[in-house]
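[1] The following comprises the amino acid sequence and a computationally predicted model.
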Amino acid sequence: MTGRAREVESGRRGMLAMTASSMIALHLPAQAGLSARAAPTIETAAGRIRGTNENGVMRFLGIPYAQSIAGRNRFAPPVPVRPWPGVRPADRFAPSSPQQPEHVGTPVSAAFTPPAYVGADDDCLALNIWAPANGQPSLPVMVWLHGGGWISGSGSNPVTQGHNLAASENVVVVTLNHRLGASGLTDFSRVIGGEFAQSANLAMRDIVAALTWVRENIAAFGGDPRSVTVFGESGGGWKVCTLLGIPSAKDLFHRAIVQSGPLTHFYRPDEADALARSVLSALGVTARSANKLNHLGAQEVIAAEAQVLAKVPRSMHAPGFPGGFWPVIDGDIIPAHVFAPQAAPSSLEVPLLIGQNGTEFTLFMLDDPAAYVLNEAGLVQRVRQSFGKDAADRILAVYRRDYPRDDPARLWFRLYSDYGMGALNATIMDRRSIAGAAPVYAYRFEWQTPIVGGKLHSPHTIEIPFVFDNVDTSAGAMMTGAAPGAAALAATVSGAWVEFARTGTPAAAGLPPWPAYSSDNRQCMRIDVASHAGPFMERPMIELFQQILWRRAGLNDDGNGPAAATDSRRHGIRER
């Protein structure tokens, strides 16, 4: 049964399905009327919270899952929240994690800008919940991890609010904040030690703490703690990949979706130590004066972070993406690389949905206007400069054959996106789709947005309003231009995502049967107004792009470790 069919069935029975236990959890009498439902109150482990009811969806914002990161908490694992007396209002987003101010916007940046009242502050470890108000128990839970790499972003973005997804697909949606940048990914455990011995991977420790909160509390909101899906885009996809490599998180989620965010490697301890020393230097702190770290303000940390980011060497970048602050193999929560040399054992039982958009890099190359008006000669020149003449001729022959309707600019963005992101996605798909493991499902989102004169084609982030069924909201319209057919496609995409969260298999009305990915068939769902199954990428192209990527990253031929002669860009690729 698809998500839409389930919605019809649950809609008929929803009001009758509220059990006595769920009424107790909601603190509503059995005969409560609509006025009582307007302000639902739920008991959590730390105390009662009061949310709002918006057109049949309960919304609870700014629920703390851990204490403020100020003072001694800044470089320590998340501390459980203190219980509160009475009823705590849950009608406003919490502050975002302290982060660098946004200086350069993109055509879609407004859709990812939190409400004006949301600042950035240390009291940021909080989550938000949207849940159907019909009282139906044991609904699938979808926990969204925001993008922005490891240094920016928020769980309060307009385009990722969960009202429509909860209402249309009968699912509980959770978004959250966690520590970022220097506060979240500076590892002092070896450089200083002592009280900072557990300072590694605090961003991920926060996410694990939030998932633990979900396991312990989500049933009161109608969610099933045994059916939790983590999903995220870009940096959020990196976080999902990282969770797949954390053994202690294994039972906290049951399905995973990675949208345009492949991650295979973490920092080595020596690389994390070098970054930690840079942070200490920027803060004017030494091992002997380490206690000063317990008295820093958020802005002091942000200022030091900016200094460090300005000087990050290419050797401190991760394969395929610029780095700086990054998870580290700490011998504690992260024991090894997550997909190198093979998929982490903790990932093998989790069904995985993973993919990317057709022209991811149209959003990353806006400072290169000539790329959007390429002619044939310009395309050949760029591909040869980027990959060398012999490889360029092979690449162009394949892409011209497979995408004969693409103009030179779109062809350039498509092939460069497959190089910069597709090769890493294919690495994960191949290493996860092994005998005995849970299935892997792949996708390519090919729908083209008309905004900015159509020149963005299918850019990074464009699938998000479709996943959340938010194309008709003001934020979604900024990205989709309210194009004809977008709403119908959003119903299909959101339905497929929720069906995967519910059953482990993506399916929806409007889609043909979605084949599982294997290294032999390499099949994915190509999502558009008319969707169809087809190859994600051909094996020769995957292997060629991987070889170039690994060589430029200073890794060996299969990307599993340092090459015999490591250059200064061990973790970097050339970016235009």
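    That came in fine, so what should we check first?
[2] thinking A272 is in contact with V328, fair?
    Yes: with contact defined as Cβ atoms under 8 Å, A272 and V328 form a contacting pair (3.8 Å). All C-beta spots, glycine's among them, are computed from the backbone N, C-alpha and C.
[3] Next, L424: secondary structure please.
    Of the three states, L424 takes helix under DSSP: H, G, I helix; E, B strand; the rest coil.
[4] Nearest residue to it in space, please, no chain neighbours.
    With sequence-adjacent residues excluded and distances taken as Cβ to Cβ, 6 or more residues apart in numbering, L424 is closest to P262, at 3.8 Å.
[5] What of Q356?
    Nearest-residue entry for Q356: S260, 4.7 Å, with adjacent residues in sequence omitted and distances by Cβ to Cβ, 6+ apart.
[6] Give me the pLDDT value at that neighbour.
    At S260, the predicted lDDT confidence score is 97.
[7] Count residues in the vicinity of it, would you?
    Using other Cβ atoms under 10 Å, the number of residues around S260 comes to 27.
[8] List the residues that contact it.
    The contact partners of S260, by Cβ atoms under 8 Å, 6 or more residues apart in numbering, come to 233-234, 237, 355-357, 360, 421, 460-461, 463.
[9] Rounded mean pLDDT for stretch 134-144, please.
    Averaging pLDDT along stretch 134-144 gives 93.
[10] Just the C-alphas of that stretch, formatted as CSV.
    Extracted in CSV, the C-alpha atoms of stretch 134-144 (Å, rounded to 0.1, in the frame of the first residue of the first chain):
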residue,chain,number,x,y,z
ASN,A,134,-5.6,12.3,14.6
GLY,A,135,-4.1,10.3,17.4
GLN,A,136,-3.2,7.3,15.3
PRO,A,137,-0.3,5.5,17.1
SER,A,138,2.9,3.9,15.8
LEU,A,139,3.5,6.1,12.7
PRO,A,140,6.8,6.1,10.9
VAL,A,141,9.2,8.7,12.1
MET,A,142,11.5,10.7,9.8
VAL,A,143,14.3,12.7,11.3
TRP,A,144,15.8,15.4,9.1
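[11] Can you give me the buried ones in it?
    If you call a residue buried by 16 or more other Cβ atoms under 10 Å, then stretch 134-144 has these buried ones: 134-137, 139-144.
[12] still on that earlier bit, pick the one among the contacts of S260 closest to A488.
    Among these, E463 lies closest to A488 (Cβ to Cβ), at 15.0 Å.
[13] how about the residue nearest to L424, what does it touch?
    P262 makes contacts with 237-238, 241, 320, 354, 421, 424-425, 427-428, as judged by Cβ under 8 Å, 6+ apart.
[14] Need the residue closest to the centroid of the chain.
    With distances taken as Cα atoms, centre = their mean, the residue of the chain nearest its centroid is G236 (1.7 Å).
[15] what about it, distance to N53?
    28 Å (Cβ to Cβ, to the nearest Å).
[16] cool, L243 as well?
    Separation of L243 from N53 (Cβ to Cβ) stands at 32 Å.
[17] and what of R551?
    When distance is defined by Cβ to Cβ, R551 is 56 Å away from N53.
[18] for P515, same thing?
    Plainly put, P515 is 41 Å away from N53 if you go by Cβ to Cβ.
[19] did I read that right, Y443 in a strand?
    Yes: according to three-state DSSP, the state of Y443 is that of a strand.
[20] K455 is in contact with A409, isn't it?
    Yes: with contact defined as Cβ under 8 Å, K455 reaches A409; the gap is 7.4 Å.
[21] Now do the shared contacts for those two.
    The contact lists of K455 and A409 share Y372, where a contact means Cβ under 8 Å, 6+ apart.
[22] mind listing which of the buried residues of stretch 134-144 are in strands?
    Using DSSP state E, 139-144 are the members of the buried residues of stretch 134-144 that sit in strands.
[23] Give me the local confidence score for G11.
    Per-residue confidence at G11 stands at 33 (pLDDT).
[24] re earlier: next, show the common contact partners of A272 and V328.
    187, 200.
[25] Which one's more surrounded, L243 and N53?
    Counted by other Cβ under 10 Å, L243 and N53 do not tie: L243 has more neighbours, with 25 against 16.
[26] Please, which helix or strand holds the more buried one?
    helix 235-244 (DSSP states H and E).
[27] now the angle from that helix to strand 139-145?
    With axes from the mean of the first three to the mean of the last three Cα atoms, to 10 degrees defining the directions, helix 235-244 sits at 110 degrees from strand 139-145.
[28] Any chance you could list what contacts helix 235-244?
    144-150, 153, 203-204, 207-208, 211, 230-232, 249, 253, 256-264, 266, 327, 334, 338-339, 343-344, 346-347, 350, 352, 428.
[29] repeat that with 6 Å
    Residues from elsewhere that reach helix 235-244, judged by Cβ atoms under 6 Å, 6 or more residues apart in numbering: 145-149, 204, 230, 232, 249, 256, 258-259, 261, 263, 327, 338, 347.
[30] Work out the gap between it and the centre of the chain.
    How far helix 235-244 lies from its chain's middle: 6 Å, per Cα atoms, centre = their mean, to the nearest Å.
[31] so what's A272 up against?
    The contact partners of A272, taken as Cβ under 6 Å, 6+ apart, are 187, 328.
[32] And the average pLDDT for the strand of greatest length in the chain is what?
    In the chain, assigned by DSSP E, the strand with the most residues is strand 223-233. For strand 223-233, mean pLDDT is 98.
[33] could you say what helices and strands that strand packs with?
    Helices and strands touching strand 223-233, as assessed by 3 or more Cβ pairs under 6 Å, 6 or more residues apart in numbering; DSSP states H and E, comprise strand 139-145, helix 235-244, strand 255-259.
[34] what about the residue nearest to L424, helix or strand, and which?
    Element membership for P262 (DSSP H and E) is empty, with no helix or strand holding it.
[35] ditto for the one 10 residues further on
    Assigned by DSSP H and E, A272 falls within helix 269-283.
[36] what comes into contact with whichever strand or helix holds A392?
    Assigned by DSSP H and E, A392 belongs to helix 389-402. Outside of helix 389-402, the residues that reach it under the criterion Cβ under 6 Å, 6+ apart are 383-384, 411, 415, 541.
[37] Tell me which stretches of the stretch 351-500 of the chain form helices.
    Counting by DSSP state H, counting those that start in this stretch, one finds helices in the stretch 351-500 of the chain at the ranges 376-387, 389-402, 408-417, 423-432, 464-467, 474-480, 486-503.
[38] Minimum distance to L280: which of those helices has it?
    helix 423-432 (31.7 Å).
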